[in-house]
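K.L.:
output the structure for:
(chains A and B)
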Amino acid sequence: MKRHAFNLALAVATPLLLVVVWYGTSSSSTNAFFPPLRQILSRFADLWLFEHFTSDILPSLGNLVVGFVSAVVLGVALGFVLATVPLLRAMFEPSLHLLRGIPPVALVPILITLVGFGNEMRISSIMIAAVFPTMIATIDGIRAVDSGLKDVCTVYQLSKRDRLLSVYLPSAGPQIAAGMQVSLLVAFIVMIASEMMGTAQGIGAMTLLAQQTFMAADMWAGILLLGLIGFLSNLLFDLIKNRVLSWYIGSKKMEKVS
Amino acid sequence: MNATMETHTTNDVSPGNTPRLLVQSLAKTYGSGPKAVEVIEDLTFSVHAGELVCIVGPSGVGKTTLLKCLAGLQPSSGGTMAIDGRKVSGPPAEMALVFQDYSRSLMPWLTVEKNLQLPLRHLRLPAREMRSRVEDALGEVGLSHAAKRYPWQLSGGMQQRAAIARALAYRPEILIMDEPFASVDAQTRFELEDLCLKIRDELGMTILLVTHDIDEAVYLSDRIVAIGHKPARVLEVMDVVLPSPRNQIDTRALPEFSAQRTKVLSLIRQAQA
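P.N.:
Numbers count the residues shown, from 1 in each chain, chains lettered A, B, ... in the order given. Predicted structure coming up:
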């Protein structure tokens, strides 16, 4: 327990120390590309904490959330169908693996051509890119459902609904969650990429604009914000995951003990 | 070949004496053509209401295949099966199965209570009956205190108790158990065997239990169906006459117990030779 607390303190203290070191060593910097952290932080407060919060951060985050959530819903649904209908799997699995191989960011230009520069383009880029990790993980997870549990379903004649919601889905849960975590990362990347073309709005656009106008402090402030969003969204995801999959974490711990 | 062996298979399907479960000439062959493997040649046996019958045979004789066919997990290649005189095909609704491997039989994401409720959901019982069935079944196996716990928080023996409780809450006409005590330690094994006898006595449950353990079969059974040979067939059906109630210490010390044990063992040895 003591060791645990020590590790936690270390995990918090080390990054803080690094920030302090950055703050100290950069304070007298005159390099145009590496401005003092003090300046970056003050630009951060000016840029992101007030008016741009509603005009740029919220729309970006909105796109991220809508794109990610629809990707997950679609990914789980498609994955489930593909894993349980052998005919469809045989037909579509090779093409899916090919599609998955395309770098997600490369989809943005195609969607601009097809959908234009609006929010719809951004949301659909995020969704299309983020759907694959969740879908593939769902296929694998459903296929890996223990045959013993399947026998239980047959013997006790569970309804289709109970099989789906109470056996297959929870059983594939840990794998689906791992896929979702990758989807979240991809969604975040594509969110930024989709804002770097044809728009002046959003975190990605603001950061790119700062870079192109040699506003180094603004650029660093944007990157700091992206880092924070990435970190916090992952933290939130982990919190939810640990709650939903507490049975899995508990049973794994138990396995280690015995 | 085995003309010396008296095989009194029960074929008495006279009215009023309909067995709870009647299996006739069950056969199972995997594959077809020259590569076909015949696992079960001909198994005929019956289990009457309230009886505890053990099917005993050496490992690899096809006991699990037999159970899978009975439970509708695999199609049989021939023969018929009837419950209370009604022919059944596919997974029979009247049957509950307790599997050998409890860790692959209970849902780890559901509490013990929810595990028991899961098979009952499609029966659309009133909420009160659902609750009382689950409570009764947990009480029967001595797990009332563990209703809200997860299977992986329980010992192996308790998990198998939970699996038995799930079968009981389903209120089957016949309870089938596949080597149910093979994965627990010896002490727990004795406890679970006695639980089996208790269920039979208190609830009048009809139980068909498959085991490779001859001592276990003799201790539990009203009748033993010894199977052997490859492909499998019934060697002999024996009544086990031991005073009841049975208990682990006195029953196993009886001369009748060892006589019965010797008989079954030599029968199975003989078939293997």
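K.L.:
ok, how many other residues are close to residue 210?
P.N.:
As the question left the chain open, I've gone with chain A. 20 (other CB atoms under 10 Å in any protein chain shown). For every residue, glycine as well, the C-beta is placed using N, CA and C.
K.L.:
you looked at the wrong chain, it should be chain B
P.N.:
Counted with other CB under 10 Å, B:Val210 comes out at 24.
K.L.:
which residues sit in contact with it?
P.N.:
B:Cys54, B:Ile55, B:Val56, B:Lys63, B:Thr64, B:Leu66, B:Leu67, B:Ile176, B:Met177, B:Asp178, B:Glu179 (CB atoms under 8 Å, 6 or more residues apart in numbering or on different chains).
K.L.:
please redo it, this time with the cut-off set to 10 Å
P.N.:
B:53-57, B:63-64, B:66-67, B:70, B:100, B:176-180, B:182, B:217, B:225, B:227 (CB atoms under 10 Å, 6 or more residues apart in numbering or on different chains).
K.L.:
drop anything exposed from the residues you listed.
P.N.:
Neighbour counting with 16 or more other CB atoms under 10 Å in any protein chain shown marks B:53-57, B:63-64, B:66-67, B:70, B:100, B:176-180, B:217, B:225, B:227 as buried within the contacts of B:Val210.
K.L.:
average pLDDT across the host helix or strand of A:Arg243?
P.N.:
Using DSSP states H and E, A:Arg243 falls within helix A:216-244. For helix A:216-244, mean pLDDT is 91.
K.L.:
try stretch A:157-171
P.N.:
Here the average pLDDT along stretch A:157-171 is 92.
K.L.:
one more: stretch B:149-168?
P.N.:
Averaging pLDDT along stretch B:149-168 gives 92.
K.L.:
now that stretch: buried residues?
P.N.:
Buried, per 16+ other CB under 10 Å, within stretch B:149-168: B:150-154, B:156-168.
K.L.:
can you check stretch B:123-138 too?
P.N.:
Result for stretch B:123-138 [16+ other CB under 10 Å]: buried residues B:Met130, B:Arg133, B:Val134, B:Ala137, B:Leu138.
K.L.:
centroid residue for the chain?
P.N.:
All of this is about chain A. The structure's chain A has its C-alpha centroid closest to A:Leu184; by CA atoms, centre = their mean the separation is 1.4 Å.
K.L.:
that answer is for a different chain, and I need it for chain B
P.N.:
Mean-position check on chain B, CA atoms, centre = their mean. Result B:Leu209 at 2.3 Å.
K.L.:
thinking again about what came up before, chain center to the helix holding A:Arg243, what's the gap?
P.N.:
Distance of helix A:216-244 from the chain centroid (CA atoms, centre = their mean, to the nearest Å) equals 10 Å.
K.L.:
same check, this time on stretch A:169-187
P.N.:
With CA atoms, centre = their mean, you get 10 Å for stretch A:169-187.
K.L.:
so what's the residue in the stretch 51-200 of chain A that chain B sits nearest to closest to, chain neighbours aside?
P.N.:
Shortest the stretch 51-200 of chain A-to-chain B distance, computed as CB to the nearest CB: residue-wise this is A:Gly148, at 3.0 Å. Excluding the flanking residues, the one nearest A:Gly148 by CB to CB, 6 or more residues apart in numbering or on different chains is B:Arg104, at 3.0 Å.
K.L.:
kindly report the same for B:Gln74.
P.N.:
The nearest residue in space to B:Gln74 (CB to CB, 6+ apart) is B:Lys68, at 4.2 Å.
K.L.:
if I look at the residue of chain B positioned farthest from its centre, how far off is B:Pro19?
P.N.:
Distance from the centre of chain B peaks at B:Pro34, with 33.3 Å (CA atoms, centre = their mean). Applying CB to CB, to the nearest Å, the value for B:Pro34 to B:Pro19 is 38 Å.
K.L.:
point out the ones among the buried ones among the contacts of B:Val210 that are inside strands.
P.N.:
Counting by DSSP state E, those place B:Val53, B:Cys54, B:Ile55, B:Val56, B:Ile176, B:Met177, B:Asp178, B:Val225, B:Ile227 in strands.
K.L.:
near chain A, which of those show up?
P.N.:
B:Ile176, B:Asp178 (CB under 10 Å from any CB of the partner chain).
K.L.:
pLDDT added to the ones in strands among the buried ones among the contacts of B:Val210, as a markdown table?
P.N.:
A markdown table is the format used below for those (pLDDT from 0 to 100):
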| residue | pLDDT |
| --- | --- |
| B:Val53 | 93 |
| B:Cys54 | 94 |
| B:Ile55 | 93 |
| B:Val56 | 92 |
| B:Ile176 | 92 |
| B:Met177 | 92 |
| B:Asp178 | 91 |
| B:Val225 | 92 |
| B:Ile227 | 89 |
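K.L.:
quick one, helices of the stretch 151-273 of chain B?
P.N.:
Assigned by DSSP state H, counting those that start in this stretch, the stretch 151-273 of chain B shows helices spanning B:156-169, B:186-203, B:214-220, B:250-253, B:255-272.
K.L.:
go on, chain A?
P.N.:
Using DSSP state H, the helices of chain A run over A:2-26, A:37-48, A:51-52, A:58-84, A:86-100, A:107-115, A:119-143, A:147-155, A:160-162, A:169-194, A:203-212, A:216-244, A:246-257.
K.L.:
now the last one against helix A:216-244, angle please.
P.N.:
Taking axes from the mean of the first three to the mean of the last three CA atoms, to 10 degrees, helix A:246-257 and helix A:216-244 form an angle of 80 degrees between their directions.
K.L.:
between helix A:246-257 and helix A:169-194, how many degrees?
P.N.:
Angle, helix A:246-257 to helix A:169-194, by the same axes, to 10 degrees: 110 degrees.
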